[in-house]
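Engineer: Fold the following for me, if possible:
(chains A and B)
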Amino acid sequence: MEKIACYHCGDDCLTTAYVMEEKNFCCNGCKTVFEILSASKMANYYSYNDHPGATRARVDKRFDYLSSADIINELVDYADSQITIVTFFIPHIHCSSCLWLLEQLNSINPAIHYSRVDFLKKQLNIRFDHQKISLQQVVELLYDVGYEPLISLQDIIKKQNGLSKDNLVQKIAVAGFCFGNVMLLSFPEYFGLSDYEATFKHFFGWLNILFTLPVVFYSGRGYFIAAWQNLKKKVFGIDFPLALGIAVLFIRTCLEVITHSGAGFADTLCGLVFFLLIGKLVQKKTYHHISFERDYRSFFPVAVHIIEGEIDKPIPLAQLQTGHRMLIRHNEIIPADAILLKGEALIDFSFVTGESIPVKKTLGEVIYAGGRQTGEAIELEVVKPVYQSYLTQLWNNEAFTRKKDNRMQTFNEKVSRYFTIVLLAFAFGSLLFWLPTDVRRGFAAFTAVLIVACPCALALSTPFTMSAALSIFDRNFFYLKNVAVVEQMAAIDTIVFDKTGTITMGGSKEIKIDGLLSAKEQLLIYSACINSTHPLSRMICQYLGNQQRLAISRYTEIPNLGILATIDGHRLRIGSSKLVLGYKEIEDRVSKVYLMLDEELLGFFEFTHQYRDGMDNIENLEPAYRTFLLSGDQDHEREELIGFFKTRDSMLFNQSPQSKLDFVQALQQQGRQVMMMGDGLNDAGALKQSDLGIAITDDVNNFSPGSDAIMDGRSFHKLPAFLRFSKDTVNIIRFSFLISLTYNLIGLSYAVTGRLSPLTAAILMPLSTVTIISFTSLATHFAARKRKLA
Amino acid sequence: MSIIYFLIGCSVLLALLFLAAFFWAQRSGQNDDLYTPSMRILLDDEEKPPAEK
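Structural biologist: Numbers count the residues shown, from 1 in each chain, chains lettered A, B, ... in the order given. Coordinates of the predicted model:
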């Protein structure tokens, strides 16, 4: 049969039941969206792009919790008696059709006054009349047209909007404005003024001072504040020599102009602040649609239904207490440790453990938070509050309370300490040298040293190199939280991998059968395997489908080998080659489960592991890096993984979230710089504890635990290249530091004599800056090309 | 050459006006979203059905 793509979402249509206006749909949901849109004469949606919609097949969500006033207050940006303004994060926004449709909400429901999309942030700002349409109805409307907003407790929108604006762009605008004017006014001085134009000289001088005022006190203020804070903490950061340079430039310019003794360094001063601020700007790269700070709260629902007496009502998660009776429906997440009271629980713990096969729980059993119910609605009694649950306990660990910004000293910090000391030594040295003979010259030399050696180029080398590196990583679907992460990555010597979801793909394994099984044989195998909790048995049962279970007369399960069972007088052997065939077969990265019925070989099930591309790279990381594997699973895959991880002790199985964290901590106590790669909530502790936590995900908009960097699964094979490239960038920074030192030395040779002309400073400063900027950007791109990342 | 005083005064004033205009644009959020308008401009206006006579 020819495959037909759904007109709405582009998925394959499995049935031809959903047809409308000669268009095929994969499910009723997709068809409904089309109906709504064509009824509102908005079928244009489909003309901008093919299949713009999100599939509506397997979603089942309820929004009645949005009627609770507490929750509404949490979510809306603004509300008065008539109007509500709210901003939603909608992960599905991806094309111009999305934009078009979402900005036409008004024609679907006139109570929505205004809707505006911010495409890069994937946000939708809506203003609506809440007397005519409720927040819940707005969300349901969005859901109906296929754009379900992601509503979570830890709202990333609020966080982004709450960020204090530091007006950096405005500061740059002021600095650039003054820089341009001062340059213009300084030209006459450099080209020479005749005697009768001397009055202009003073006029220009005073104007220059006027222009430097906003540069120093508005644009450059941040440097004085930072330097002062550093001094209070008794550290010499790079900000101290910068602030010193700005102050000295300003004071000397004022003095020279007031005393008519010279033209001052107003243009150098403005240029310096302008370039420094530009450096700050390029350093600040933000990914609006990615959050690095997510924790369990963004994974858990906003509200939960509780049953009180006869009625069930939604309450905000924060109000959930021990003893509450929760109602959890299909596809909802259990937010707190609870005891199962009613219903059949089939819990999918894939976020917590990475295991995607649902686990069956019996009545009275404790179910840990983080599982997702699949199947019918169940009722549970909360035994522990949300914040003390088994999973969320991790967040009480000190790793989560500690600030982790200054774990590793950056090259810049290390160098600037010595730089400041040497600079001050030079300045005071030249002052003392000239003081006995010529006081004026002494002070001239002193200030000139501080001006010339002002580490402008040094301060710029890191931001420009790092921002170039960041955009290279970004192009390879590797998103770093900030520029400091690059240097942390270069210092790494130990890498710890999580297994499920990190080195294996989300949907665990693929199953294939070799040989034909009759219905009777299938039934026998199913009846034997259903008794086993081994993942492979589970998969076989899933593969064979729901069958009638036969009574078993004898059953033995031999760990790591297989099952021996007698059913209906038939003797079954299911398991490894060693158990079934009697000898060990070499298996190459697949596991086989052999089937033997009454001493007759039926064939085998073959399981291919969905390892990510580039697994071979892991073994090549040694010996430069020590690699470890931490898995929450049993050690079923030990044999297949031994090829990637050299020694047996570098693979640890049955690890709880807490023991993963402890393992990373133990490595750090041995003096190792640990990089952790993980994907689920169970790795959150280890990611936080490690020196560099990388979350791997197949969809960057989806949930990923808090980390320093987020890597798209498609780029996993580039990991060695990323590591080498991070080292290249650090080398580039070191080299550009040498270049800026050379410039400083040239400047110093003029400065110590006390005869630094403003023109020399005005040429030297921008020249060194331009050299550094062009060198770092070119070198970074060259390095990226060498590592095949560009 | 005293005209220079006047000319410089004028040019600085003009430049200040532009700076003020930039500040206004920045504060009123005109530069907050620099990407979406580039897509929005490609979308056609809705065709109004002709009024029935």
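Engineer: CA only for contacts and neighbour counts going forward, please
Structural biologist: Will do.
Engineer: List the contacts of residue A:263.
Structural biologist: A:189, A:205, A:253, A:256, A:257, A:758 (CA atoms under 8 Å, 6 or more residues apart in numbering or on different chains).
Engineer: Show me which helix runs longest in chain A.
Structural biologist: helix A:719-751 (DSSP state H).
Engineer: Who are the packing partners of that helix?
Structural biologist: helix A:439-452, helix A:456-475, helix A:484-490, helix A:616-621, helix A:758-786 (3 or more CA pairs under 8 Å, 6 or more residues apart in numbering or on different chains; DSSP states H and E).
Engineer: out of those helices, which comes closest to residue A:140?
Structural biologist: When those are compared by CA to CA, helix A:456-475 sits nearest residue A:140, at 34.5 Å.
Engineer: Redo the helices and strands packed on helix A:719-751 as a markdown table? Include mean neighbour count, distance to chain B and mean pLDDT.
Structural biologist: Converted to a markdown table, the helices and strands packed on helix A:719-751 look like this (neighbours: other CA atoms under 10 Å in any protein chain shown; distance: least, CA to the nearest CA, whole Å; pLDDT from 0 to 100):
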| stretch | mean neighbour count | distance to chain B | mean pLDDT |
| --- | --- | --- | --- |
| helix A:439-452 | 24 | 28 | 85 |
| helix A:456-475 | 24 | 18 | 86 |
| helix A:484-490 | 21 | 26 | 87 |
| helix A:616-621 | 16 | 38 | 80 |
| helix A:758-786 | 19 | 22 | 87 |
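Engineer: Compare these and give me the one nearest residue A:602.
Structural biologist: Closest among the helices and strands packed on helix A:719-751, once you apply CA to CA, is helix A:616-621, at 33.7 Å.
Engineer: what sits up against that closest one?
Structural biologist: Taking CA under 8 Å, 6+ apart as the rule, helix A:616-621 contacts A:627, A:643, A:644, A:645, A:646, A:717, A:719, A:720.
Engineer: Same question for stretch A:762-782.
Structural biologist: A:265, A:267-268, A:271-272, A:275, A:452, A:456-457, A:460-461, A:464-465, A:468-469, A:472, A:728-729, A:732-733, A:736, A:739-740, A:743, A:747, A:790.
Engineer: what about chain B, any weak spots by pLDDT?
Structural biologist: Regions of chain B meeting the criterion pLDDT under 70 cover residues B:45-53.
Engineer: same thing with the stretch 451-600 of chain A?
Structural biologist: Checking the stretch 451-600 of chain A against pLDDT under 70 turns up A:505-510, A:533-535, A:545-546, A:585-590.
Engineer: if we go to 90?
Structural biologist: In the predicted model of the stretch 451-600 of chain A, residues A:451-471, A:474-475, A:477, A:479-491, A:497-600 satisfy pLDDT under 90.
Engineer: Show me the helices in it, by range?
Structural biologist: In the stretch 451-600 of chain A, the helices defined using DSSP state H, counting those that start in this stretch lie at A:456-475, A:484-490, A:519-529, A:535-544, A:577-580.
Engineer: coming back round to it: output the helices and strands packed on helix A:719-751 in a markdown table; the columns should cover distance to residue A:152.
Structural biologist: Below are these laid out as a markdown table (distance: least, CA to CA, whole Å):
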| stretch | distance to residue A:152 |
| --- | --- |
| helix A:439-452 | 52 |
| helix A:456-475 | 26 |
| helix A:484-490 | 27 |
| helix A:616-621 | 36 |
| helix A:758-786 | 38 |
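Engineer: I'd like the contacts of helix A:616-621 as TSV, with neighbour count and pLDDT appended.
Structural biologist: Compiled in TSV, the contacts of helix A:616-621 are given as follows (neighbours: other CA atoms under 10 Å in any protein chain shown; pLDDT from 0 to 100):
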residue	neighbour count	pLDDT
A:627	23	88
A:643	14	74
A:644	18	78
A:645	21	79
A:646	16	72
A:717	16	88
A:719	17	90
A:720	16	90
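Engineer: Redo the residues you listed as JSON lines? Include secondary structure.
Structural biologist: Shown next, in JSON lines, are these (DSSP: H, G, I helix; E, B strand; the rest coil):
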{"residue": "A:627", "secondary structure": "strand"}
{"residue": "A:643", "secondary structure": "coil"}
{"residue": "A:644", "secondary structure": "coil"}
{"residue": "A:645", "secondary structure": "coil"}
{"residue": "A:646", "secondary structure": "coil"}
{"residue": "A:717", "secondary structure": "helix"}
{"residue": "A:719", "secondary structure": "helix"}
{"residue": "A:720", "secondary structure": "helix"}
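Engineer: ok, so of these, who is nearest residue A:668?
Structural biologist: Once CA to CA is applied, the member of those that ends up nearest residue A:668 is residue A:627, at 13.7 Å.
Engineer: show me what contacts that closest one?
Structural biologist: A:494, A:495, A:496, A:497, A:618, A:621, A:645, A:650.
Engineer: Okay, and the beta partners of the nearest residue to it once chain neighbours are set aside?
Structural biologist: Among residues not flanking residue A:627 along the chain, residue A:495 sits closest, at 4.8 Å (CA to CA, 6 or more residues apart in numbering or on different chains). Here residue A:495 sits in beta bridges with residue A:627, residue A:675, going by DSSP bridges.
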